[in-house]
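Asks: quick one: sequence and predicted model below, then my questions.
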Amino acid sequence: EAGVAQSPRYKIIEKRQSVAFWCNPISGHATLYWYQQILGQGPKLLIQFQNNGVVDDSQLPKDRFSAERLKGVDSTLKIQPAKLEDSAVYLCASSLDWGALNTEAFFGQGTRLTVV
Amino acid sequence: GEDVEQSLFLSVREGDSSVINCTYTDSSSTYLYWYKQEPGAGLQLLTYIFSNMDMKQDQRLTVLLNKKDKHLSLRIADTQTGDSAIYFCAESSKAAGNKLTFGGGTRVLVKP
């Protein structure tokens, strides 16, 4: 079974530039998550999708971050404009269905963003 | 809101047992998890425990849950150099959409 795919693996941009990350979840997984992991910290949820609808985006900085999952499969996360403090690893995860009792989340390898 | 706390660092000798501790605040937590993260790699689920259990054993791993004190621990028996990594405790609750709330991670260094 293929895992969660993310691209690119690494990205370096200057502050105020834009950047986009892509995620392809495990086939059949209805729930998709984007997490931000700043160096030395645990991952923090940015946004959770169920199919193509947003379940939780309470911690997404909506003035600069946006995410979409138009067809309920792949997702993109965009930052515009980037700030130095956005430097982090952006992890995508997917699970079968958030409504089930226990849904293991499978993580991709992440995209490491460096803003200079 | 939810909060998960872990100690930062643990050093252990190869062959000894490691114990990593975690505390959490959300009394409605349904599941509690331990993830492992090696350098440059994603998060790997090691084990999890349902909140109505107090112990779970899986090969070298033993999870203990004290729900009254909201304390979770992971014991790794016969620790190997390959166990050197960062270990994250996480909790989820159905009421919160099963999203994972992570601790800051415990870096485990296994010395030969």
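Replies: Right, received. Where do you want to start?
Asks: quick one: neighbours of A:Glu14, just the number.
Replies: A:Glu14 is flanked by 10 other residues according to other CB atoms under 10 Å in any protein chain shown. Placement of C-beta: from N, CA and C, glycine included.
Asks: separation between B:Arg60 and chain A?
Replies: 20 Å (CB to the nearest CB, to the nearest Å).
Asks: that residue: neighbour count?
Replies: Neighbours of B:Arg60 (other CB under 10 Å): 14.
Asks: again, but for the one 4 residues further on
Replies: Other residues within reach of B:Leu64, judged by other CB under 10 Å, total 17.
Asks: for A:Ser66, same thing?
Replies: 16.
Asks: residues in chain B within reach of chain A, list them.
Replies: B:4, B:30-31, B:40-45, B:48, B:50, B:88, B:90, B:94, B:96-105 (CB under 8 Å from any CB of the partner chain).
Asks: quick one, phi psi at the residue of chain B found nearest chain A?
Replies: When scored by CB to the nearest CB, chain B has B:Phe102 as its residue closest to chain A, at 3.3 Å. Dihedral pair for B:Phe102: phi -100, psi 150, per degrees, to the nearest 10.
Asks: what of B:Ile76?
Replies: Backbone torsions of B:Ile76, given as degrees, to the nearest 10, read phi -110, psi 120.
Asks: return the residues in contact with it.
Replies: Residues near B:Ile76 by CB atoms under 8 Å, 6 or more residues apart in numbering or on different chains: B:Ser17, B:Ser18, B:Val19, B:Ile20, B:Arg60, B:Leu61, B:Asp83.
Asks: wait, what's in contact with the residue in chain A positioned nearest to chain B?
Replies: Here chain A gets closest to chain B at one residue, A:Gly42, 3.3 Å apart by CB to the nearest CB. For A:Gly42, the contacting residues are B:Val4, B:Phe88, B:Ala90, B:Phe102, B:Gly103, B:Gly104, B:Gly105, by CB under 8 Å, 6+ apart.
Asks: quick check, the last one in contact with B:Lys36.
Replies: No. Here B:Gly105 does not reach B:Lys36: they are 10.0 Å apart, not a contact under CB atoms under 8 Å.
Asks: okay, the two: which has more neighbours?
Replies: The neighbour comparison of B:Gly105 against B:Lys36 (other CB under 10 Å) goes to B:Gly105, with 23 against 18.
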